[in-house]
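Trainee: No letters, just coordinates:
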């Protein structure tokens, strides 16, 4: 008995959906290639295309459309820079205590972020505080010496002493503030301002006491 063998041949064909997908991908790829090629071309006022050599292109010979884009970008950058500056100013307001703290910090004594009026007021306030403290210290030191004199001489010497002392204190305060401003600290950087005032306490005694009063305030109290 003869056996018959049947051979079945099957062919693999893609579904219409898959074929359509690949055809669309091919078209998109061709379109992107044509777009890249045409991106090197620009259209002039007459509707004619011309090739741009970007290796030799300058701002003067750029097409008008490109110049408009650059002008728009420049305008936007100026707008956002101005807006950011306004927001920062509204968020961070510099008060007199901040200017004083910056002045008494050796790394920021020029107070560049403050206005000229704030800086002048800060220097004047320092001189007034120094003068007041100096007068108070000298008065306490001279009390015992003056009490040992006769009443008539005591009153006269007190008047003369106060007049002379006031002039000397104003001059000393001015000299101490000016000397601190003129001090060259290019090679010195201090993480803590108290380290600086401890080092220069003998040279700036009044400013040193004032700095300790400001920098001894905890951050939580000054916030």
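Mentor: Here it is on my side, so go on. Fair warning: this is a prediction, and the values are worked out from it, not measured in the lab. Numbering: from 1, shown residues only.

Trainee: which stretch of helix or strand covers residue 86?
Mentor: helix 64-91 (DSSP states H and E).

Trainee: and the next element down the chain from that helix?
Mentor: Sequence-wise, the next helix or strand beyond helix 64-91 is helix 96-103, with elements assigned using DSSP H and E.

Trainee: name the helices or strands packed onto that following helix?
Mentor: helix 116-147, helix 205-215 (3 or more C-beta pairs under 8 Å, 6 or more residues apart in numbering; DSSP states H and E). Any C-beta I mention is one placed from the backbone N, CA and C, and that applies to glycine too.

Trainee: mean pLDDT lowest for which of these?
Mentor: Looking over those, mean pLDDT reaches its minimum on helix 116-147, with a mean of 70.

Trainee: measure residue 64 to residue 70 for me?
Mentor: 11 Å (C-beta to C-beta, to the nearest Å).

Trainee: for residue 125, that is, sorry about that
Mentor: 50 Å.

Trainee: Which of these two has more residues huddled nearby?
Mentor: residue 125 (15 against 11; other C-beta atoms under 10 Å).

Trainee: Please verify my assumption that that one contacts residue 100.
Mentor: Yes: under the criterion of C-beta atoms under 8 Å, residue 125 makes contact with residue 100 at 6.8 Å.

Trainee: pLDDT value on residue 87, please?
Mentor: Residue 87 is assigned 86 on the pLDDT scale.

Trainee: can you count the residues close to it?
Mentor: Neighbour count for residue 87, taken as other C-beta under 10 Å: 10.

Trainee: can you check residue 179 too?
Mentor: Residue 179 has 13 nearby residues by other C-beta under 10 Å.

Trainee: which SSE is it in?
Mentor: Going by DSSP H and E, residue 179 is in helix 151-182.

Trainee: after that helix, next one along is what?
Mentor: Per DSSP H and E, the first helix or strand lying C-terminal to helix 151-182 is helix 193-199.

Trainee: any idea of the mean pLDDT in stretch 62-78?
Mentor: The model assigns stretch 62-78 a mean pLDDT of 88.

Trainee: for that stretch, which positions count as buried?
Mentor: residue 62 (16 or more other C-beta atoms under 10 Å).

Trainee: Does residue 202 belong to a helix, a strand or coil?
Mentor: coil (DSSP: H, G, I helix; E, B strand; the rest coil).

Trainee: State the pLDDT value of it.
Mentor: Looking at residue 202, its pLDDT is 90.
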